[in-house]
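A.B. asks: build me a model from this:
(chains A and B)
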Amino acid sequence: SQELEQSPQSLIVQEGKNLTINCTSSKTLYGLYWYKQKYGEGLIFLMMLQKGGEEKSHEKITAKLDEKKQQSSLHITASQPSHAGIYLCGADDGASYDKVIFGPGTSLSVIP
Amino acid sequence: EAQVTQNPRYLITVTGKKLTVTCSQNMNHEYMSWYRQDPGLGLRQIYYSMNVEVTDKGDVPEGYKVSRKEKRNFPLILESPSPNQTSLYFCASRRLNTGELFFGEGSRLTVL
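C.D. replies: Below you'll find the predicted structure:
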């Protein structure tokens, strides 16, 4: 079955700095989702990527899916304390839509 | 407002005392799913349902039951809870075969 890995596992950055989180799949990604989770709370949907080479942005967050559709990156520009939380990538497990699997998450702390 | 509602949000119970966590969505989604989230293990799928009266096991179904008698509701039943079921549980829904998962706020369960 498909597995997702995320790097780094955790990240501490100074406010205003840029950062990148990576998500790598063992198989071709049919649908890649990025979520943000405040500690112990629900998951907030950020973006969905489906096509190789696709890039989407929302406010200061940009997500990209590589051409081979096996790796995605999430880039935050000029980080703010409000960006702190756990970022999870999720993907449809293969061509079927009965399962969405998730990476282990990247914990982000932003120091004012 | 489109939402997935879980209840209870917090529960402390004792081993063997049957409990049900309810989940309801108001988006007319066909697909619903239950996940548990544990430190170091990430989000793992317990059960999912592609439509009314159609349910299937996820990766960690042992000790859980579900039912899907109505499209909007997908309760998670723990017939005889054990301490290893102490976890943060999330219900999610989406349109069949497309789109992101919409998550509930989570239910934190402690089994003593």
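
A.B. asks: how about the residues of chain B near chain A?
C.D. replies: Neighbours of chain A within chain B, by Cβ under 8 Å from any Cβ of the partner chain: B:31, B:33, B:35, B:40-43, B:45, B:48, B:50, B:56, B:58, B:88, B:90, B:92, B:96-106, B:108. C-beta: built from backbone N, CA, C; applies to glycine.

A.B. asks: show me what the helix or strand bottoming out on mean pLDDT in chain A is packed up against.
C.D. replies: Sorting the helices and strands of chain A by mean pLDDT, DSSP states H and E puts strand A:100-102 at the bottom, at a mean of 89. If you count contacts as 3 or more Cβ pairs under 8 Å, 6 or more residues apart in numbering or on different chains; DSSP states H and E, strand A:100-102 packs onto strand A:85-92, strand B:42-51.

A.B. asks: buried deepest among those strands, which one?
C.D. replies: strand A:85-92 (a mean of 23; mean count of other Cβ atoms under 10 Å in any protein chain shown).

A.B. asks: just the strands from the chain, written as ranges.
C.D. replies: Just so you know, I chose chain A. Secondary structure of chain A (DSSP state E): strands located at A:4-7, A:10-14, A:19-25, A:32-37, A:43-49, A:55-58, A:61-65, A:71-76, A:85-92, A:100-102, A:106-111.

A.B. asks: should've been chain B
C.D. replies: Under the criterion DSSP E, strands of chain B are mapped to B:4-7, B:10-13, B:19-25, B:31-38, B:42-51, B:54-57, B:65-66, B:76-78, B:87-94, B:102-103, B:107-111.

A.B. asks: with mean pLDDT and distance to A:Pro8 added, can I get the helices and strands packed on strand A:100-102 in CSV?
C.D. replies: Converted to CSV, the helices and strands packed on strand A:100-102 look like this (pLDDT from 0 to 100; distance: least, Cβ to Cβ, whole Å):
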stretch, mean pLDDT, distance to A:Pro8
strand A:85-92, 93, 11
strand B:42-51, 92, 15
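
A.B. asks: would TSV of the strands of chain B with distance to A:Val110 be doable?
C.D. replies: Converted to TSV, the strands of chain B look like this (distance: least, Cβ to Cβ, whole Å):
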stretch	distance to A:Val110
strand B:4-7	28
strand B:10-13	28
strand B:19-25	32
strand B:31-38	22
strand B:42-51	22
strand B:54-57	39
strand B:65-66	38
strand B:76-78	34
strand B:87-94	23
strand B:102-103	23
strand B:107-111	25
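
A.B. asks: so for A:Ser72, which of these sits nearest?
C.D. replies: Closest approach to A:Ser72 among the strands of chain B (Cβ to Cβ): strand B:42-51, 16.4 Å.

A.B. asks: what packs against the closest one?
C.D. replies: For strand B:42-51, the packing partners by 3+ Cβ pairs under 8 Å, 6+ apart come out as strand A:85-92, strand A:100-102, strand B:31-38, strand B:54-57, strand B:65-66.
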